[in-house]
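sharing a model prediction with you, sequence too.
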Amino acid sequence: MHTNPPWTLELSTVMPDGNAHFTELAPPQRVLMAPGPTSLPPSVLQALIAPLTGHKDPFFLRVMDETAELLREVSQTGNRTCMSLPGTGGAGMEAALANLIQPGDRAIICVNGLFGKRMADIAGRCGGTAVEVTAPWGKPVDPDDVRRALENGRNRLVAVVHGETSTGVEQPIDEIGRLARAHGAMLVVDAVATLGGIPVVPDQWGAAVCYSASQKCLSAPPGLATVTVSDEAMAYIRGRHTAVDSWYLDLGLHDRYWFAQERAYHHTAPVLLVYALREALRLVVDEGLDARFARHLLHHRALVAGLGALECDLFAETGYRLPTVVAVWVPSGVNDARVRAGLLNEFGIEIAGGLGEYAGRVWRIGVMGHSASAPNVRLLLQGLETLLGREGHTPSSGAAVAAAEAVYSAAGLNSLEATGPTLLVD
């Protein structure tokens, strides 16, 4: 726990003449354990202050090529088209749907949380007819329901969220992908909360488009969406009988900038963000996908054990809990906002609250990328135990950290790795 007063960020002061005087920006150091963004590895931070080149500089074009190659490896795909788009994960979502849906197309959208609902909204805005296949928040979509929807008409695509950030549910994709192929529909997969944290296998799923975001399990800064597009889907996009209704997110135009022999200018790329993404992807590859997935699962298990000792119940259904996002019910009688404010101001930890009808009732904790570490899990559990005690929720003292450390000990994690903060905060 920090002994310092709560952090304040004084960006400006009022001078005697009544005008504001802005000081040099000095953000506080946080332990980022919301479901994105995550803390950045030092080499990713270094990439952000590397010399800036132009977006058509030969050096930057090589960086683009390397980024595509690394993304191909992290996405476990043979797709030629693997690239980043300027924008957050929402840009990836909108690009996937806008490029595949043409006016009048029927789109099956799996909805079991906020981001599935957002896909349905975008599908309608693209001129398609969104057919929602729903499941209660906290539960996966039933493939049988998808099958029934597919049998009711001719469908352009099926869209599904692999890891629903709003609920902490991991949706099995294989059967939904098989059903889509069997009915002649393209598959769109939202891997925003999963790429780089758990296996994402678009080729195995038969995905036409699989998109993600830079700021979650990849641990790059916010501002880029990643996207991989099958060769078949790219051929479809190039042969559409109507133009993609978003010039900025037209994947055919982006593909020509990334991969054409004579690269066609499309936009001024966010060069430093691409540097950072390239470095983040390199770190993922260097760690090794299997080792990285095992690390995320280990810290998930330790956190869940600690939350259990705090008598905090998980939101997602057993068997479908996402390793990278833990959604947990706020205990009865506990003030959600007060606890999250205490974590931020006293412990320097950020977690997220619930969304939609679950605002104030659920906490969402990220176990993602560079932030997924034993010291961070331990610090969070210490903070929650302290703050829950003030709320009158008083499980056994030290039980949460002990439960987490039992998981780490069983996995062979030594005491140095299980103690001491990852980030030094003032």
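Here it is on my side, so go on. Just so it is clear, the structure is predicted and the values come from calculations on it, not from any experiment.

any buried residues in the strand or helix carrying Asn345, and which?
Asn345 is part of helix 336-347, with elements assigned from DSSP states H and E. By neighbour count on 16 or more other Cβ atoms under 10 Å, the buried set for helix 336-347 is Asp336, Val339, Arg340, Gly342, Leu343, Leu344, Glu346, Phe347. In this view, the C-beta of every residue, glycine as well, is placed from N, C-alpha and C.

which one of those sits closest to Asp145?
Asp336 (32.0 Å; Cβ to Cβ).

let me see the contact set for the closest one.
Val330, Gly353, Gly354, Gly360, Arg361, Trp363 (Cβ atoms under 8 Å, 6 or more residues apart in numbering).

from these, which ones fall inside strands?
Cross-referencing the contacts of Asp336 against strands under DSSP state E gives Gly353, Trp363.

among the buried residues of helix 336-347, which one lies nearest to Phe315?
Asp336 (13.1 Å).

distance of that closest one from Arg361?
7 Å (Cβ to Cβ, to the nearest Å).

what do these two both touch?
With Cβ under 8 Å, 6+ apart, Asp336 and Arg361 have common neighbours Val330, Gly354.

quick check: the gap between Pro51 and Ser43.
16 Å.

looking at those two, which one has more neighbours?
Ser43 (12 against 8; other Cβ atoms under 10 Å).

who are the packing partners of the helix or strand that one falls within?
Taking DSSP H and E as the definition, Ser43 sits inside helix 42-48. Judged by 3 or more Cβ pairs under 8 Å, 6 or more residues apart in numbering; DSSP states H and E, the packing partners of helix 42-48 are helix 271-287.

what's in contact with the helix it packs on?
Contacts of helix 271-287 (Cβ under 8 Å, 6+ apart): 40-41, 43-44, 46-48, 50, 52-55, 60, 63-64, 66-67, 70-71, 73-74, 84, 86, 196, 214, 218-221, 223-224, 226, 292, 295, 369.

not counting its neighbours along the chain, what's nearest Gly308?
Residue nearest to Gly308 in three dimensions, not counting chain neighbours: Ala403, with 6.5 Å by Cβ to Cβ, 6 or more residues apart in numbering.

that neighbour: what's it in contact with?
Ala302, Ala305, Gly306, Gly308, Ala309.

wait, Glu311 sits on Pro395?
Yes - at 5.2 Å, Glu311 counts as touching Pro395 under the criterion of Cβ atoms under 8 Å.

for the stretch 201-350 of the chain, just list every one of the helices.
With DSSP state H, counting those that start in this stretch as the definition, the stretch 201-350 of the chain shows helices at residue ranges 202-205, 231-238, 251-259, 271-287, 289-309, 336-347.

which one, of these, ends up nearest to Leu25?
That would be helix 271-287 among these, by Cβ to Cβ, at 16.5 Å.

quick one, that closest one and helix 289-309 angle?
Angle, helix 271-287 to helix 289-309, by axes from the mean of the first three to the mean of the last three Cα atoms, to 10 degrees: 90 degrees.

related to what we said a few turns ago, who's more crowded, Glu311 and Pro395?
Remark: of Glu311 and Pro395, Pro395 carries more neighbours, 17 against 14, as counted by other Cβ under 10 Å.

distance-wise, check the more buried one relative to Val304.
In terms of Cβ to Cβ, Pro395 sits 15 Å off from Val304.

ditto for Gly348
Here Gly348 is placed at a distance of 22 Å from Val304 (Cβ to Cβ).

give me the domain ranges for the chain.
Split into domains by automatic domain parsing, the chain comes to 43-286, 288-410.

what about the shortest one, start to end distance?
Counting by Cα to Cα, to the nearest Å, the length from the leading to the trailing residue of domain 288-410 is 22 Å.

same check on the longest one?
Counting by Cα to Cα, the length from the leading to the trailing residue of domain 43-286 is 13 Å.

buried sites along the helix or strand encompassing Val401?
Per DSSP H and E: Val401 is located in helix 399-410. Residues of helix 399-410 classed as buried under the neighbour-count rule (16+ other Cβ under 10 Å) are Ala399, Ala400, Val401, Ala403, Ala404, Glu405, Val407, Tyr408.
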